[in-house]
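Below are the sequence and a predicted model; questions follow.
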Amino acid sequence: MTSEAEGCVRVAAVGDVHLDADVLGRYRPALEHVGDKADMLLLAGDLTRHGTAEEARCVAQEFGGLAVPVIAILGNHDYHCDQQAEVTKALEDGGITVLEHSGTVLRVGDVRVGVAGAKGFGGGFAGACASEFGEPEMKAFTRHGREAAERFGTALAELDCDVRIALTHYSPVPDTLLGEPLEIYPFLGSYHLAQAIDATPGVGLAVHGHAHAGSERGTTPGGVPVRNVAHPVIKQAYNVYQLSSVLTPA
Amino acid sequence: MIIDQHVESELHQLLIEDARISEQGIRIVRAGDGVSLVGEVESAERRDLICRVVAEAFPDLPVRCNIGLTRVQEPQDVEEL
Ligand SMILES: [Fe+2]
Ligand SMILES: [Fe+2]
């Protein structure tokens, strides 16, 4: 049965696969049938261990040439060696679309599905967040998170589509961090990301990774479903989410 | 060897900052006179290396390795949102 017949969009997603040569081939058997199960595959960052071009080529080999479009963002690990440009290029050479404060629109049947992606950053959540106050380092940390969320929000709003998907590495909500130590929440996500998501109507799903010890499900204050797809959280090759409810024809 | 917060912090930084490991998702749990390393990684090589590096850095510390491999099965279900 095709998506068109069902009138729905099926989104496969996984994050934090942390690939290197030692993992090559591990995901491949489960990816062989991804085209039967989903219309696209989202990779939610931390695709490599150290962010080298060599590791990124492993990602391209493992997740390239699939039956569905693959859309990725980078995570903090993918920035570790300051080779994010080379990492991005290696992924793109493998046919993977890489987003950073940008978006792409796919057609699934009659539905135009827009995906906006960004790594995002930390900063924390209501009642326990960083502020632009004091030392320059503190201001820089806080400002970086806020600006990343603002640019992500712009990319999300600018998508010309019927339904939007928000793809970040850092979490927009604390719900999906449950299981992580409270003390590190400000390094795991930012409420500014949720603000950006809630500012645009028609977001059917927000996907993130990064919180390996977190939990899978949450919602933004505006009611958008949030899913933490970090590999150690979902404990399988990828999860599939179906966005049928938001797609009732007007 | 006495495991206090200093040892625990040092161990935690080692797991993240040693380039052979670079794991942010391994928990250190005090267990008896030693520690237990708890978490999931992507390959058996990584699991073995983590335990070897920790044992090298803390030769007097009994280390139990409770690290598993994250499963990579194909999903059998779809969540309807
Ligand atoms: Fe990660
Ligand atoms: Fe991460």
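Yep, that arrived. Ligands and ions are numbered 1, 2, ... in the order given.

Which residues are in contact with B:R71?
Residues near B:R71 by C-beta atoms under 8 Å, 6 or more residues apart in numbering or on different chains: A:K235, A:Q236. All C-beta spots, glycine's among them, are computed from the backbone N, C-alpha and C.

Hmm, I typed the wrong one, I wanted A:T168.
Taking C-beta under 8 Å, 6+ apart, we find A:T168 in contact with A:A44, A:G45, A:I73, A:G117, A:A118, A:K119, A:G120, A:F152, A:L193, A:A206, A:V207, A:H208.

Let me know the closest of these to A:V108.
A:V207 (16.0 Å; C-beta to C-beta).

Residues in a beta bridge with the closest one, which ones?
Judged by DSSP bridges, the bridge partners of A:V207 are A:L167, A:R227.

Tell me how many other residues surround it.
A:V207 has 27 neighbours, counted by other C-beta atoms under 10 Å in any protein chain shown.

Just to check, it is in contact with A:A166?
Yes - between A:V207 and A:A166 there is a contact under C-beta atoms under 8 Å: 7.1 Å.

Mind jotting down where the helices sit in chain A?
Secondary structure of chain A (DSSP state H): helices at A:3-6, A:28-31, A:34-37, A:53-63, A:84-93, A:136-158, A:185-188, A:191-198, A:231-234.

Quick one: name the residues of chain B near chain A.
Taking C-beta under 8 Å from any C-beta of the partner chain as the criterion, chain B approaches chain A at residues B:19, B:22, B:24-25, B:27, B:39-43, B:45-46, B:70-75, B:77-81.

Cross the residues you listed against helices and list the overlap.
With DSSP H as the criterion, helices contain B:E45, B:R46 from among the residues of chain B next to chain A.

In strands, which of the residues of chain B next to chain A appear?
Counting by DSSP state E, the residues of chain B next to chain A place B:R27, B:G39, B:E40, B:V41, B:E79, B:E80 in strands.

For the last one, which non-adjacent residue is spatially closest?
Right, B:E80. Nearest residue to B:E80, sequence neighbours excluded (C-beta to C-beta, 6 or more residues apart in numbering or on different chains): A:Q242, at 4.7 Å.

Please list the residues of chain A that sit near ligand 2.
By C-beta under 5 Å from the ion, the residues of chain A that approach ligand 2 are A:D46, A:G75, A:N76, A:H210.

Closest to A:T220 out of the residues you listed?
Nearest to A:T220, judged by C-beta to C-beta, of the residues of chain A next to ligand 2 is A:H210 at 16.5 Å.

which ones are touching residue 14?
Unless you meant another one, I'm taking chain A. Contacts of A:V14 by C-beta under 8 Å, 6+ apart are A:L41, A:L42, A:L43, A:A44, A:V229, A:H231, A:I234, A:A237, A:Y238, A:N239.

actually chain B
Taking C-beta under 8 Å, 6+ apart, we find B:L14 in contact with B:I21, B:V53, B:V54, B:A57.
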